[in-house]
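Chemist: need the 3D shape of this:
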Amino acid sequence: MQRLYDFIRSHPTGVDVFWAVVLLGFSGLWIGSMPALEPAVGYAAVAVLFSLVVALRRRAPERMLLLAVALGLAQLAFDIETFMADFAMLVVIFTVAAHDGPRWASRLALVGGLCAAPLSQLRWPLEGTVSVPAQVFFTVIMAVPFALAWVLGDSLRTRRAYFAQLEEKASRLEREREAQAKVAVAAERARIARELHDVVAHNVSVMVVQADGAAYVMDTSPETAKQALETISTTGRQALAEMRRLLGILRTGEHREAGEYVPQPDVEQIEELVEQVRGAGLTVDLTVEGTPRELPTGVGLTAYRIVQEALTNTRKHGGPDVGASVRLVYFDDGLGLLVEDDGRGAPQEMYEDGGADGRGHGLIGMRERVGMVGGTLDAGPRPGGGFRISALLPLKPAH
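Modeler: Numbers count the residues shown, from 1 in each chain. Just a heads-up that it's a prediction; the model follows:
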């Protein structure tokens with residue numbers, strides 16, 4: 001049964017031709033059984049043309065409608081009474097109403113169908129003495145099939161349009177989901193890039209400073225050189241652990257061994273960060289004001305990365321004998337950060353345009369991080385020399 005249904009759906013014109021042949025056959029039998037018909041040739045021509053209307057109704061619905069209207073008018077003009085072939089009018093009215101074509105064709109089909117019965121009664125009134133109410137009732141009854149044919153066709157067209165709209169909406173939602181997924185992937189890659197920048201820039205700069213110091217005092221103070229090498233080793237292991245955590249995010253679907261990743265740093269690790277920087281030879285003062293408390297994960301990570309990047313820039317651009325200060329202020333509804341140094345500071349284009357060579361993205365990354373948590377950031381030269389980075393991070397998500 002399903003195969004037959006699939007065949008009918010895949011060969012609509014063939015099905016229409018079959019029913020056209022059936023209609024023509026029954027019409028021919030009716031004409032043959034009525035030898036007194038005049039003109040017989042006219043009835044035969046109307047039967048053939050109405051069969052053509054049924055056969056081509058789905059290939060050219062508007063043209064077949066016009067042909068059906070012309071045949072109906074010809075019947076009125078040449079006194080060819082209605083017979084079995086006129087059933088094609090119902091078929092073409094249904095087809096045009098169901099077809100998603102020009103609206104004039106659907107309106108013409110409705111008007112023509114409603115006018116067919118009254119015109120037929122006026123041209124060929126009922127035989128015998130029939131009252132006017134009876135004639136009106138009979139005319140209404142004859143008009144009902146035409147109205148039903150149009151209503152069924154229009155309902156089918158509306159339902160098809162509704163399902164097409166649902167399919168289009170589902171397709172659009174699917175495209176939107178794919179676009180959102182791509183945006184999420186790009187955002188995650190940007191986040192990982194910022195994390196890697198902070199990890200690599202900070203830890204490698206510490207290792208370079210310690211390596212230079214170890215090479216300088218290797219002969220005169222082996223113990224100091226040994227401590228510098230231990231600092232390099234510790235810093236390198238910390239950098240590898242953080243990089244393993246970041247790169248592990250990209251390895252979805254692979255088996256993750258226990259202990260492979262380390263937690264993301266937060267405000268509590270800022271003191272360890274300052275101690276590490278002090279060990280690299282940079283004088284840093286840390287001040288905490290207010291009552292320390294647990295912060296949202298995003299705020300804590302952002303605060304840590306800002307301090308890390310600020311101290312890294314101080315070592316890179318501050319010059320010799322530079323000192324820095326880190327100040328954390330806990331407010332009722334936010335966390336304030338202030339990182340200052342008394343060195344030369346970065347050039348103007350370094351914090352405005354990302355560096356003269358286009359590769360200085362540290363402060364740009366800071367602004368992106370602060371913007372993600374709904375905070376504000378101010379970075380620039382400090383009056384009297386040096387550089388200042390000030391940030392305010394809200395403890396509640398931005399609306």
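Chemist: in which helix or strand does Ile80 reside?
Modeler: Secondary structure here is read from DSSP states H and E; on that basis Ile80 sits in neither a helix nor a strand.
Chemist: distance of it from Thr13?
Modeler: Between Ile80 and Thr13 the distance, using CB to CB, to the nearest Å, works out to 28 Å. Using the backbone N, CA and C atoms, a C-beta is placed for each residue, glycine as well.
Chemist: and these two? which has more neighbours close in?
Modeler: Higher neighbour count among Ile80 and Thr13: Ile80, with 22 against 12, using other CB atoms under 10 Å.
Chemist: quick one: contacts for that one?
Modeler: Under the criterion of CB atoms under 8 Å, 6 or more residues apart in numbering, the neighbours of Ile80 are Pro39, Gly42, Tyr43, Val46, Ala74.
Chemist: any chance of those residues in JSON lines, plus pLDDT?
Modeler: Compiled in JSON lines, the contacts of Ile80 are given as follows (pLDDT from 0 to 100):
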{"residue": "Pro39", "pLDDT": "78"}
{"residue": "Gly42", "pLDDT": "89"}
{"residue": "Tyr43", "pLDDT": "90"}
{"residue": "Val46", "pLDDT": "92"}
{"residue": "Ala74", "pLDDT": "92"}
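Chemist: now do the buried residues in stretch 21-34.
Modeler: Neighbour counts using 16 or more other CB atoms under 10 Å place Leu23, Leu24, Ser27, Gly28, Ile31 of stretch 21-34 among the buried residues.
Chemist: picking up where we left off before, in helices, which of the contacts of Ile80 fall?
Modeler: Of those, the ones assigned to helices by DSSP state H are Gly42, Tyr43, Val46, Ala74.
Chemist: can you select the buried ones from these in PyMOL?
Modeler: Of the ones in helices among the contacts of Ile80, the buried ones can be selected in PyMOL as follows, counting by 16+ other CB under 10 Å:
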select buried, resi 43+46
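Chemist: which members of the ones in helices among the contacts of Ile80 are the farthest-apart pair?
Modeler: Maximum pairwise distance among the ones in helices among the contacts of Ile80 (CB to CB): 11.4 Å, between Tyr43 and Ala74.
Chemist: all helices of the stretch 151-300 of the chain, in order?
Modeler: Using DSSP state H, counting those that start in this stretch, the helices found in the stretch 151-300 of the chain span residues 222-250, 270-279, 297-317.
Chemist: just name the most buried of those.
Modeler: The densest packing among those, expressed as mean neighbour count by mean count of other CB atoms under 10 Å, is seen in helix 297-317 with a mean of 23.
Chemist: who are the packing partners of it?
Modeler: Counting contacts by 3 or more CB pairs under 8 Å, 6 or more residues apart in numbering; DSSP states H and E, helix 297-317 is packed against helix 132-217, helix 270-279, strand 323-330, strand 334-341, helix 362-372, strand 387-394.
Chemist: need those in CSV (columns: mean pLDDT and distance to Pro125).
Modeler: As requested, the helices and strands packed on helix 297-317 are arranged in CSV below (pLDDT from 0 to 100; distance: least, CB to CB, whole Å):
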stretch, mean pLDDT, distance to Pro125
helix 132-217, 83, 7
helix 270-279, 86, 103
strand 323-330, 92, 100
strand 334-341, 92, 92
helix 362-372, 79, 85
strand 387-394, 92, 88
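Chemist: grab the most central residue of the chain for me.
Modeler: To find the centre residue of the chain, average its C-alpha atoms and take the closest one (CA atoms, centre = their mean): that gives Glu176, at 0.8 Å.
Chemist: if I look at that residue, how far off is Ala170?
Modeler: To Ala170, Glu176 is 11 Å away according to CB to CB.
Chemist: quick check, Gly380 in a strand?
Modeler: Yes: if the criterion is DSSP: H, G, I helix; E, B strand; the rest coil, then Gly380 is within a strand.
Chemist: how many other residues sit next to it?
Modeler: Gly380 has 14 neighbours, counted by other CB under 10 Å.
Chemist: swap in Glu167?
Modeler: Counted with other CB under 10 Å, Glu167 comes out at 10.
Chemist: so what touches stretch 285-294?
Modeler: Residues from elsewhere that reach stretch 285-294, judged by CB under 8 Å, 6+ apart: 267, 270-271, 274, 323-331.
Chemist: widest-spaced pair of those residues?
Modeler: When CB to CB is used, the two most widely separated members of the contacts of stretch 285-294 are Gly323 and Phe331, lying 26.4 Å apart.
Chemist: buried ones in the strand or helix carrying Ala109?
Modeler: Per DSSP H and E: Ala109 is located in helix 103-123. Along helix 103-123, the positions that meet the burial threshold by neighbour count (16+ other CB under 10 Å) are Ala105, Ser106, Leu108, Ala109, Leu110, Gly112, Gly113, Ala116, Ala117, Ser120, Gln121.
Chemist: for those residues, which one is nearest Tyr162?
Modeler: Relative to Tyr162, the closest of the buried residues of helix 103-123 is Ser106; by CB to CB it sits at 16.8 Å.
Chemist: give me the distance between the closest one and Ala228.
Modeler: Distance of Ser106 to Ala228, computed by CB to CB: 89 Å.
Chemist: cool, Arg327 as well?
Modeler: Taking CB to CB as the criterion, Arg327 is separated from Ala228 by 29 Å.
Chemist: do the same with Leu66
Modeler: As for Leu66, its distance to Ala228 is 97 Å (criterion: CB to CB).
Chemist: then Pro35?
Modeler: From Pro35 over to Ala228 the distance is 123 Å, taken as CB to CB.
Chemist: next one: Lys182
Modeler: Between Lys182 and Ala228 the computed distance is 46 Å (CB to CB).
Chemist: CA atoms only for the helix holding Ala109, dumped as PDB, please.
Modeler: In PDB, the C-alpha atoms belonging to helix 103-123 read as follows (Å, rounded to 0.1, in the frame of the first residue of the first chain):
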ATOM      1  CA  ARG A 103      -5.000  35.000  -5.800                       C
ATOM      2  CA  TRP A 104      -7.100  36.200  -8.800                       C
ATOM      3  CA  ALA A 105      -7.400  32.600 -10.000                       C
ATOM      4  CA  SER A 106      -8.700  31.400  -6.600                       C
ATOM      5  CA  ARG A 107     -11.200  34.200  -6.500                       C
ATOM      6  CA  LEU A 108     -12.300  33.500 -10.100                       C
ATOM      7  CA  ALA A 109     -12.800  29.800  -9.200                       C
ATOM      8  CA  LEU A 110     -15.000  30.700  -6.200                       C
ATOM      9  CA  VAL A 111     -17.100  33.200  -8.100                       C
ATOM     10  CA  GLY A 112     -17.400  31.000 -11.100                       C
ATOM     11  CA  GLY A 113     -18.400  28.000  -9.000                       C
ATOM     12  CA  LEU A 114     -21.100  30.000  -7.100                       C
ATOM     13  CA  CYS A 115     -22.500  31.400 -10.400                       C
ATOM     14  CA  ALA A 116     -22.600  28.000 -12.200                       C
ATOM     15  CA  ALA A 117     -25.700  26.700 -10.500                       C
ATOM     16  CA  PRO A 118     -27.800  29.900 -10.900                       C
ATOM     17  CA  LEU A 119     -26.900  30.300 -14.500                       C
ATOM     18  CA  SER A 120     -27.700  26.700 -15.200                       C
ATOM     19  CA  GLN A 121     -31.100  27.100 -13.600                       C
ATOM     20  CA  LEU A 122     -31.800  30.200 -15.600                       C
ATOM     21  CA  ARG A 123     -30.700  28.600 -18.900                       C
END
